[in-house]
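# Pasting a predicted model and its sequence here:
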Amino acid sequence: MRSDFSKAYLSAVNYLPDRLWRAAFSLGADQRARCEEIRIRAGRPPKALVDGRYLSLTYKGEMVIAATDDLNEIINRATERSVHTYSGQINNGFVTTAEGHRIGLTGDCSVRDGNVSTVRSISCVNIRIAKPYTGLADHICEQLYKDGFNDTLVVSPPGGGKTTLLRDMSRMLSGRLSVSIVDERYEIAGSRGENRSFDIGDCDVMSGMSKCAAIERLIRSMSPHIIALDEITQQSDVETICRTAYCGCAFLATAHASSIDELDKRPIYRQLIRSDIFKNIIFIDNNGGNRQYSAYVKESDYNVENNGNNSDSGIVLGNWYFRRQTLQAKN
């Protein structure tokens with residue numbers, strides 16, 4: 001597994017200009033394998049996120065300062081020198097590489113009719129390193145789905161490992177069920193035609209299309225048992241899921257939240273929880289790179305009035321009680 005992580009690091013830093021590429025190897029081999037992202041700001045030294053801490057990258061002990069030209073070169077390499085082809089992604093604040101790494105970016109934006117039309121003068125890029133955690137979900141799926149799959153929502157703060165778990169759960173479940181993946185940002189499968197950067201088993205993949213359009217199309221054409229999708233962030237996503245949840249397929253999805261009870265505080269997720277679609281919620285607690293997984297399983301016969309609300313063994317979300325259990329994952 002460490003060898004695979006080291007290869008992921010090497011493929012990510014290959015998008016760096018030469019002098020930043022050399023600085024990337026100021027990290028030791030173990031640090032490179034554990035690195036989760038490389039953040040590069042114009043006029044500042046590049047930094048790598050390792051075990052929850054940002055480490056400055058140096059060359060021969062000297063500080064390296066990134067320039068605007070370096071950031072532009074990273075985007076040129078990530079888009080294969082065809083920035084226009086990737087303009088849709090760039091205007092949404094990211095570029096996804098062929099290996100599945102997401103390169104987030106910030107800069108001066110031009111807005112037209114409420115939408116970003118161009119991003120100029122890039123000031124920061126953040127390379128989030130996609131790693132192949134094959135086998136991560138094996139034990140999780142065995143613990144949760146002994147009696148069949150139930151709609152599942154995977155929750156964590158940004159960078160907590162939601163996409164990684166979603167990807168491997170999709171692979172695991174595709175061994176016995178028909179799983180279709182909505183890969184809007186090319187991150188889950190890393191698909192480019194017949195080429196895939198990750199092992200996703202026998203999943204069918206719809207890439208580059210909005211979640212709403214892809215869900216509708218997959219239900220009509222692919223007859224999936226499960227539709228997997230990443231990052232529910234918009235009201236339209238929730239509305240589409242609520243509208244299609246009882247069309248004969250289940251959902252495996254992810255959402256951003258810093259804690260499990262935050263799902264009932266944010267309006268977009270409150271509607272999702274109270275729609276009674278998701279029976280399982282997996283929360284990922286990322287403590288300095290050490291991830292712990294907890295499942296919250298909906299109890300249909302739990303009486304809130306007699307048993308109270310939140311307790312050490314679970315939590316009330318919407319009108320239902322979710323019992324908590326610790327999950328064992330292959331790390």
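In hand now; what should we look at? Residues are numbered from 1 along each chain as shown.

# next SSE after the helix or strand harbouring Ala214?
Taking DSSP states H and E as the definition, Ala214 sits inside helix 211-221. Downstream of helix 211-221, the first helix or strand assigned by DSSP H and E is strand 226-229.

# helices and strands around that following strand, which ones?
helix 162-173, strand 179-183, helix 211-221, strand 250-256 (3 or more Cβ pairs under 8 Å, 6 or more residues apart in numbering; DSSP states H and E). Where you see a C-beta, it was placed from the backbone N, CA and C, and this is true even at glycine.

# Give the buried residues for stretch 287-306.
By neighbour count on 16 or more other Cβ atoms under 10 Å, the buried set for stretch 287-306 is 291, 293, 295-298.

# Okay, and the beta partners of the nearest residue to Leu327 once chain neighbours are set aside?
Of all residues not flanking Leu327 in the chain, Tyr293 sits nearest, at 4.1 Å (Cβ to Cβ, 6 or more residues apart in numbering). Beta-bridge partners recorded for Tyr293 (DSSP bridges): Ile284, Leu327.

# The stretch 51-200 of the chain: helices as residue ranges?
68-78, 87-91, 138-144, 162-173 (DSSP state H, counting those that start in this stretch).

# and of these, who's closest to Leu263?
helix 162-173 (13.5 Å; Cβ to Cβ).

# what's that closest one packed up against?
Helix 162-173 packs on helix 138-144, strand 152-156, strand 179-183, strand 226-229, strand 250-256, strand 280-287, going by 3+ Cβ pairs under 8 Å, 6+ apart.

# can the ones you listed go into a markdown table with extra columns for mean pLDDT and distance to Ala98?
Compiled in a markdown table, the helices and strands packed on helix 162-173 are given as follows (pLDDT from 0 to 100; distance: least, Cβ to Cβ, whole Å):
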| stretch | mean pLDDT | distance to Ala98 |
| --- | --- | --- |
| helix 138-144 | 94 | 27 |
| strand 152-156 | 97 | 25 |
| strand 179-183 | 96 | 13 |
| strand 226-229 | 98 | 21 |
| strand 250-256 | 97 | 22 |
| strand 280-287 | 94 | 26 |
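
# Please convert these to a markdown table, extending it with distance to Ser236.
Shown next, in a markdown table, are the helices and strands packed on helix 162-173 (distance: least, Cβ to Cβ, whole Å):
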| stretch | distance to Ser236 |
| --- | --- |
| helix 138-144 | 28 |
| strand 152-156 | 17 |
| strand 179-183 | 13 |
| strand 226-229 | 12 |
| strand 250-256 | 14 |
| strand 280-287 | 22 |
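
# For the residue lying closest to Asp51 once chain neighbours are set aside, give me the pLDDT.
Closest residue to Asp51 apart from its sequence neighbours, by Cβ to Cβ, 6+ apart: Gly289 at 4.3 Å. What the model reports as pLDDT for Gly289 is 77.

# show me the contacts for Gly289.
Contacts for Gly289 (Cβ atoms under 8 Å, 6 or more residues apart in numbering) come out as 34, 36, 50-52.

# Swap in 10 Å and give it another go.
Counting by Cβ atoms under 10 Å, 6 or more residues apart in numbering, Gly289 touches 34-36, 49-53, 161.

# Repeat that for Pro267.
235, 238.

# Repeat that for Met206.
180-184, 189, 191, 213-215, 217-218, 221-222, 227, 229.

# In three-state terms, label it for me.
Three-state call for Met206 (DSSP: H, G, I helix; E, B strand; the rest coil): strand.

# So what's the residue count around Ile181?
Using other Cβ atoms under 10 Å, Ile181 has 28 neighbouring residues.

# I meant to write Ile122 there.
Going by other Cβ under 10 Å, the residues that sit close to Ile122 add up to 19.

# pLDDT wise, what is the closest residue in space to Ser300 that isn't next to it in sequence at?
Once flanking residues are discounted, Ser300 sits nearest to Trp320: 7.8 Å by Cβ to Cβ, 6+ apart. According to the prediction, Trp320 has pLDDT 88.

# try the one 10 residues further on
Per-residue pLDDT puts Lys330 at 70.

# Assess the claim that it and His139 are in contact.
Yes - checked against Cβ atoms under 10 Å, the pair Lys330 and His139 is within contact range at 5.9 Å.

# The longest strand along the chain: partners in the sheet, and parallel or antiparallel?
Longest strand in the chain, counting residues (DSSP state E): strand 115-128. With DSSP bridges as the test, strand 115-128 is paired with strand 35-41 (antiparallel), strand 102-112 (antiparallel).

# returning to that earlier point: pick the most deeply packed of the helices of the stretch 51-200 of the chain.
Of all the helices of the stretch 51-200 of the chain, helix 162-173 has the most neighbours on average by mean count of other Cβ atoms under 10 Å, namely a mean of 24.

# about what we covered before: could you report the separation of the residue nearest to Asp51 from Leu27?
Separation of Gly289 from Leu27 (Cβ to Cβ, to the nearest Å) stands at 14 Å.

# on that earlier part again, just checking, which of the buried residues of stretch 287-306 belong to strands?
291, 293, 295-298.
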